[in-house]
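Sequence and predicted model, in that order:
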Amino acid sequence: MKKQQGLTLIELMISLALGMIIMAATLSIYISTIKSSADTIKAARLNHDLEMAISLMGNDIKRAGYWGNARIDANSRANPFTITTATLNTTTAPYNFKPTDVNILSFTDTAGVAHSNGCILYSYDANSNGHYDNTPSDGTNTVNDTNEFLGFRLNAGKIEMRLTGTTTADCTEGTWQSITDETMVNITDLQFSFVAMAATTSAPVYSSALTATSRCWNLTTSASPNNNNTIDCTGITKTPTATTSAPHDIVVKRVVNIRMTGGLIGTDNAEVTKSMSDSVEIRSNRLYQITS
């Protein structure tokens, strides 16, 4: 009779040990794959939210200064959506002038956090009626279309869009609505600038340099503005050089650089952070005259 043979206790223990090692390695790979997939989904969600926000801001800012009365024979210096000096006029069109040029402002949000250049305000002719008032039946033309005063700001970790307002000089005035979900995404930085912005390397994100800049045309130097939140064309020699106080036309090509940084909410999402930027050229140049 043939003698039956089996595994010894030592062989069995070695086999079990090898099996456990293989199972542990397989489980580790599985967990790593699941975590990687979860991180990819989180990054995609963050990327989608930030791209949506920056696309919405860029597309709307491009419209700043649009005027329904801008025709071939129109005087663009009369555009009420690009003026900077308040002049109330209830007898001749366009009516009810206010300072409505594009403004980049710093402000303190509702959480008490100060944001440098974290707000942009502008206006445009949303209903294409040529002015920003409702033209009451009495003909006084002094009631503003409040939905033609728009803007964006960083407020308590979220980006807000302005729905109504009466001025482009106050980032706390008007009605604002969030365009990012503050329960999912925390916006840690939002900046606007009329001039180039240097690259930053602050952890955990890196943002590239933005080279676009606004320009003052019809000047001998064709100079750029001298700071990031106003467009200053004063103190520059005009073309042609004048010996009198005759008015000179100045054309301002306005470019807005936008930079933002955000991350996902949650202690396990601290590493999911992204920085995004864009340069937007406003389609309506600002035209005005100076005499000095």
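Cool, got the structure. Everything numeric in this text was worked out from a predicted model, so none of it was measured.

so where is the protein shaky, pLDDT-wise?
For the chain, applying pLDDT under 70 flags the ranges 1-7, 34-39, 85-99, 133-144, 202-205, 219-227, 234-247, 267-271, 290-292.

all helices for it, in order.
Along the chain, counting by DSSP state H, helices occupy 9-61.

Would you map the strands across it?
103-108, 114-123, 149-155, 158-164, 175-178, 185-193, 215-217, 248-253, 255-264, 273-281, 286-290 (DSSP state E).

from these, which stretch is densest packed?
Neighbour counts (mean count of other Cβ atoms under 10 Å) averaged over each of the strands of the chain peak at strand 149-155, with a mean of 25. (Each C-beta comes from the backbone N, C-alpha and C, glycine too.)

Quick check: can you name the pairing partners of that strand and their directions?
strand 114-123 (antiparallel), strand 158-164 (antiparallel) (DSSP bridges).

Quick one: closest of these to Thr8.
Smallest distance to Thr8 across these (Cβ to Cβ): 67.7 Å, for strand 158-164.

Also compute the angle for the closest one relative to strand 185-193, please.
If you take axes from the mean of the first three to the mean of the last three Cα atoms, to 10 degrees, strand 158-164 sits at 60 degrees to strand 185-193.

Report the beta-bridge partner residues of Ser123.
Beta-bridge partners for Ser123, by DSSP bridges, are Phe149.

nope, Gln177 is what I was after
Where Gln177 sits in a bridge, its partners, by DSSP bridges, are Met161.

ok so, going back, so which of the strands of the chain comes closest to Leu12?
That would be, of the strands of the chain and by Cβ to Cβ, strand 255-264, which comes in at 48.4 Å.

could I get the strands of the chain as CSV with distance to Asn69?
Listed next are the strands of the chain as CSV, based on distance: least, Cβ to Cβ, whole Å:
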stretch, distance to Asn69
strand 103-108, 22
strand 114-123, 14
strand 149-155, 18
strand 158-164, 23
strand 175-178, 27
strand 185-193, 28
strand 215-217, 22
strand 248-253, 18
strand 255-264, 24
strand 273-281, 22
strand 286-290, 14
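
Out of the ones you listed, which is closest to Phe81?
Closest approach to Phe81 among the strands of the chain (Cβ to Cβ): strand 114-123, 5.0 Å.

Could you list the residues in contact with that closest one?
With Cβ atoms under 8 Å, 6 or more residues apart in numbering as the test, strand 114-123 has contacts from 61, 64-65, 81, 100-109, 132, 148-154, 162, 165, 167-171, 190-193, 228-229, 256.

Let's see that strand as CSV, backbone CA atoms only.
In CSV, the C-alpha atoms belonging to strand 114-123 read as follows (Å, rounded to 0.1, in the frame of the first residue of the first chain):
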residue,chain,number,x,y,z
ALA,A,114,-9.3,92.4,3.8
HIS,A,115,-8.8,91.7,0.1
SER,A,116,-6.3,93.7,-1.9
ASN,A,117,-7.8,94.3,-5.4
GLY,A,118,-10.3,91.6,-4.8
CYS,A,119,-13.3,93.3,-6.3
ILE,A,120,-14.1,94.7,-9.8
LEU,A,121,-17.0,96.9,-10.6
TYR,A,122,-18.3,98.0,-14.0
SER,A,123,-21.4,98.8,-16.0
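
quick thing: my sequence starts at 763, can you match it?
OK, 763 is where the count begins now, so the last one is strand 876-885.

ok and it relative to strand 1017-1026, angle-wise?
130 degrees.

Determine the angle, from 0 to 180 degrees, between strand 876-885 and strand 865-870.
140 degrees.

Determine the angle, from 0 to 180 degrees, between strand 876-885 and helix 771-823.
Going by the same axes, to 10 degrees, strand 876-885 makes 50 degrees with helix 771-823.

Tell me the gap between strand 876-885 and the middle of its chain.
Here strand 876-885 is found 9 Å from its chain centre; the criterion is Cα atoms, centre = their mean, to the nearest Å.

now stretch 962-976
Distance, centroid of stretch 962-976 to centroid of chain: 14 Å (Cα atoms, centre = their mean).

how long is that stretch end to end?
Taking Cα to Cα, to the nearest Å, stretch 962-976 runs 21 Å from one end to the other.

Go through it and flag the buried ones.
For stretch 962-976, the neighbour count (16 or more other Cβ atoms under 10 Å) marks 967, 969, 972, 974-976 as buried.

Give me the nearest residue to Glu922, chain neighbours excluded.
Trp938 (4.2 Å; Cβ to Cβ, 6 or more residues apart in numbering).

thinking again about what came up before, quick one: which of the buried residues of stretch 962-976 is nearest Ala888?
When those are ranked by distance to Ala888 (Cβ to Cβ), Ser976 comes first, at 23.6 Å.
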